[in-house]
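>>> what's the 3D shape of this:
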Amino acid sequence: MVISGFGTTFALADNTKTVTDMTGRVVTVPSEISTVLCNWLPAMMVVYMVAPDKLGAWNSMPGAGYFPDKYANLPVIGRVSDETLQSMKPDVVIIGSAIGIGGEVKRSTIDDEQKKLDPIPVVAISETSNILNESMFVQPVQYVGKFLGEEKQAEDMVAFYKKVVSQVKEGAAKIPEDKKVKVYYAEGAKGVQTDPKGSNHAALIDIAGGINVADFAIPTGQGMTEVSMEQIISWNPDVILASDPQFYASVKSDPTWQGINAVKNGRVYFIPSTAYSWFDRPTGMNQIIGIPWTAKTLYPEYFKDMDLESLVKEYHKIFYHISLDDDQIKKILNP
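A predicted model of the protein is given here:
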């Protein structure tokens, strides 16, 4: 028997089938898959967005009111242990990050995980945290769509993603260099943590044509590099994107920040969060709606024809399986 290509499937006689996962491993799984668990949030988001009825537990529950009520009683298992996965007896466990951002295949890691979880089958998909790398978004979505029998849903997700990326790239390409704005991504309650240009955590600034003032080497670990107030003042950003509600509530009246152009000109913006943040933490499919939001926030004049409210409505319907009304969308966009 020759098996090649992601998602190749062969039916067997005992109500099982073999599939080839995204690392090339051949895995025997049930012919009918009803319950899927995931090792952590990025893989869980793919499964929920593609096939919500097959998700057996949340690794991190979405924001209240931004997913259908029928999924509210799913257990929340966090960054789950092997023992928890085994005790819940899913039909399959989907492991994310099996193929790293640089394309490296973590085959031995997945094989070790399979030994720990045996006899529960482990299916590996690729890293999904670099949303600006088209193949890193499209391939795992299409794979999970085929694997779980939801190919139409997967293609709807891919089509929306490609649409907003194309719109934003086309608009950003028209912005003259001397019109590009300097942007500071403020993290933490005091706003003095950030992530630099090129980091997945600040990637939406790059695609929208902004200039990330934090131009330093990408650190190892989880990011959120602390910087001094003196450094921020010297950067003097035109726009501040704030992820923390405490910082956003205080920055406009904090005398320390008053000399910065973004504060003086009223260009401090709170990053929306519905099911998950639109901009960062986690990095992944939740950031897709943040692509047009960031573009329109930084450059309203260059994206004046972009109907952001319509995109927000469409995104939540496709990806989170929920319908938002116009009043809800206005509140999200105007905190």
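>>> Now do the strands in the chain.
9-11, 16-20, 26-30, 36-38, 92-95, 122-124, 182-186, 193-194, 211-212, 225-226, 239-242, 268-270 (DSSP state E).
>>> Could you export these as JSON lines, including distance to Phe137?
All C-beta spots, glycine's among them, are computed from the backbone N, C-alpha and C. Output for the strands of the chain, formatted as JSON lines (distance: least, C-beta to C-beta, whole Å):
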{"stretch": "strand 9-11", "distance to Phe137": "23"}
{"stretch": "strand 16-20", "distance to Phe137": "20"}
{"stretch": "strand 26-30", "distance to Phe137": "23"}
{"stretch": "strand 36-38", "distance to Phe137": "17"}
{"stretch": "strand 92-95", "distance to Phe137": "16"}
{"stretch": "strand 122-124", "distance to Phe137": "17"}
{"stretch": "strand 182-186", "distance to Phe137": "21"}
{"stretch": "strand 193-194", "distance to Phe137": "25"}
{"stretch": "strand 211-212", "distance to Phe137": "21"}
{"stretch": "strand 225-226", "distance to Phe137": "26"}
{"stretch": "strand 239-242", "distance to Phe137": "22"}
{"stretch": "strand 268-270", "distance to Phe137": "25"}
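>>> which of those has the lowest average pLDDT?
Looking at the strands of the chain, the lowest mean pLDDT belongs to strand 9-11 (a mean of 55).
>>> And the spatially most central residue of the chain, how close does it get to Thr274?
Centroid-nearest residue in the chain, with C-alpha atoms, centre = their mean: Gly284, separated by 1.9 Å. From Gly284 over to Thr274 the distance is 14 Å, taken as C-beta to C-beta, to the nearest Å.
>>> Repeat that for Glu230.
Distance from Glu230 to Thr274, by C-beta to C-beta: 35 Å.
>>> okay, the two: which has more neighbours?
When neighbours are counted by other C-beta atoms under 10 Å, Glu230 and Thr274 differ, and Thr274 comes out ahead with 22 against 8.
>>> which parts of the lengthiest helix in the chain are buried?
Among the segments of the chain that qualify as a helix by DSSP state H, the longest is helix 151-173. Neighbour-count burial for helix 151-173 flags 153-154, 156-158, 160-161, 164-165, 167-168, 171-172 (criterion: 16 or more other C-beta atoms under 10 Å).
>>> Likewise for stretch 250-264?
Under 16+ other C-beta under 10 Å, the buried positions of stretch 250-264 are 250-251, 257, 260, 262-263.
>>> Now that stretch: average pLDDT?
Computed over stretch 250-264, the average pLDDT equals 97.
>>> Can you give me the end-to-end span of that stretch?
14 Å (C-alpha to C-alpha, to the nearest Å).
>>> what do you get for stretch 110-128?
First residue to last in stretch 110-128 (C-alpha to C-alpha) measures 16 Å.
>>> Tell me the gap between that stretch and the middle of its chain.
For stretch 110-128, the separation from the chain centroid amounts to 22 Å (computed by C-alpha atoms, centre = their mean, to the nearest Å).
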